[in-house]
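Q: Sequence first, predicted model second:
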Amino acid sequence: MDINIFKTEEEVLDGLAKYFVATANNSIAANGRFSVALSGGSSPKKLYEILAATYKNKVEWAKVDFFFGDERYVPQTDAQSNFLMAKKAIFEPLDIAATQIFAVNTTPEPDIAAARYALEITKYFGDKPLSFDLVLLGLGDNSHTASLFPYTPVLHDGSVSVKAVFLKGQDVYRITFTAPLINLAHNIAYLVYGQGKAIAVHHVIEDKRDIENYPAQLIAPTKGSLQWFIDEAAASNLTTAVKK
C-alpha cells in the first residue's frame with residue numbers, strides 16, 4: 001500500500017489523473033486495452049472532468065472499457081445514477097462509444113441486476129483472469145467503499161461477483177462489486193480528500209481490523225497495487241510514521 005499525500009484537493013485530483021493516464025497507457029501498451037471500474041460521487045466526478053479536459057489527448061480512449069464498481073438502484077436517467085454522472089462528466093465529452101461502456105442494467109429486480117452484471121463481467125474477460133486493470137474507489141465518512149457498507153451481509157461474501165445490497169436506514173438498494181472481485185484488480189486507487197474524511201482514513205489504514213465498522217479494510221489486493229490519493233486534510237489523523 002502506498003499513501004500519496006498532496007497539499008490541496010486540486011493537487012490530489014491531478015495526481016490521480018496522471019496515475020490514471022499512466023496506468024491506462026501501460027495497460028494498452030501491454031494488452032491492447034484498458035479496463036477500469038469507476039466509482040460514483042462528487043469527488044470522482046471532478047476527476048472524470050479533468051481527464052476529459054486536461055488529459056483528452058493523453059490516452060487512446062477508444063481502447064478504454066468502462067465498468068462501475070457500484071451503482072445506485074435507480075434508472076439510468078435518475079440524477080443519483082453513477083452512470084448518468086459518468087456519462088455527463090467523461091463519456092459524452094470524450095465521445096466514448098457505447099460498446100466501451102458497461103453500465104449496470106437497473107431495470108430488473110436488484111438481485112437479478114447484480115447477477116446479470118456479474119455475468120457480463122465474466123463474459124468480458126472470457127478465458128482471461130477476471131482482473132480489472134484499475135478499480136477506482138472512494139471512502140465514505142462511515143468507512144464504506146464501493147457499496148460495501150457497515151454491517152451488511154455482503155461484507156462476508158467470499159465470491160468473486162456482484163451483489164445487491166439493501167441499506168435499511170436509507171430504504172434503498174445498491175449494486176456492488178464484492179471485495180474479492182475488487183481485490184483481483186491489477187491496480188486499486190482511492191480518491192479521498194477533505195477534513196471530513198480524516199477519521200475514516202485513520203480507521204481504515206491504522207486501526208485494528210474491524211470490517212463491520214470499517215468495511216474499506218476489506219480492500220487488500222491479491223497481487224496488485226493499492227494506492228491512496230489523499231490531501232493533507234484527509235491525512236491529518238494519520239500518525240507521523242504512516243505519513244512518511
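A: Received the coordinates, thanks.
Q: can you give me the strands for the chain?
A: 2-6, 34-38, 64-68, 70-72, 134-137, 162-167, 172-177, 187-192, 225-231 (DSSP state E).
Q: just so I know, which of the ones you listed lies nearest Ala103?
A: Distances from Ala103 to each of those were compared by CB to CB, and the smallest falls on strand 64-68, at 6.4 Å. All C-beta atoms are positioned from the backbone trio N, CA, C, and that covers glycine.
Q: any idea how far the closest one is from the chain center?
A: Taking the mean C-alpha point of strand 64-68 and that of its whole chain, the gap between them comes to 11 Å (CA atoms, centre = their mean, to the nearest Å).
Q: Then stretch 52-70?
A: Computed by CA atoms, centre = their mean, the separation of stretch 52-70 from the middle of its chain amounts to 14 Å.
Q: And for stretch 120-136?
A: Stretch 120-136 has its average C-alpha position 14 Å from the chain's average C-alpha position, going by CA atoms, centre = their mean.
Q: Compute the first-to-last residue distance for that stretch.
A: One end of stretch 120-136 to the other measures 19 Å (CA to CA, to the nearest Å).
Q: before we move on, what about stretch 71-89?
A: This stretch, stretch 71-89, spans 16 Å end to end (CA to CA).
Q: Next: stretch 31-45.
A: End-to-end distance for stretch 31-45: 27 Å, by CA to CA.
Q: re earlier: and Lys128, which of the strands of the chain is closest to it?
A: Of all the strands of the chain, the one in closest proximity to Lys128, counting by CB to CB, is strand 34-38 (10.1 Å).
Q: Send me that closest one as CSV with only the CA atoms.
A: Presented in CSV, the C-alpha positions along strand 34-38 are these (Å, rounded to 0.1, in the frame of the first residue of the first chain):
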residue,chain,number,x,y,z
PHE,A,34,-7.5,-0.9,-20.6
SER,A,35,-10.4,-1.9,-18.3
VAL,A,36,-11.4,0.4,-15.5
ALA,A,37,-14.2,0.2,-12.9
LEU,A,38,-15.4,3.7,-12.0
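Q: thinking again about what came up before, save the strands of the chain as TSV, and put in distance to Phe91 too.
A: Rendered in TSV, the data for the strands of the chain read as follows (distance: least, CB to CB, whole Å):
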stretch	distance to Phe91
strand 2-6	27
strand 34-38	10
strand 64-68	7
strand 70-72	15
strand 134-137	15
strand 162-167	21
strand 172-177	19
strand 187-192	19
strand 225-231	22
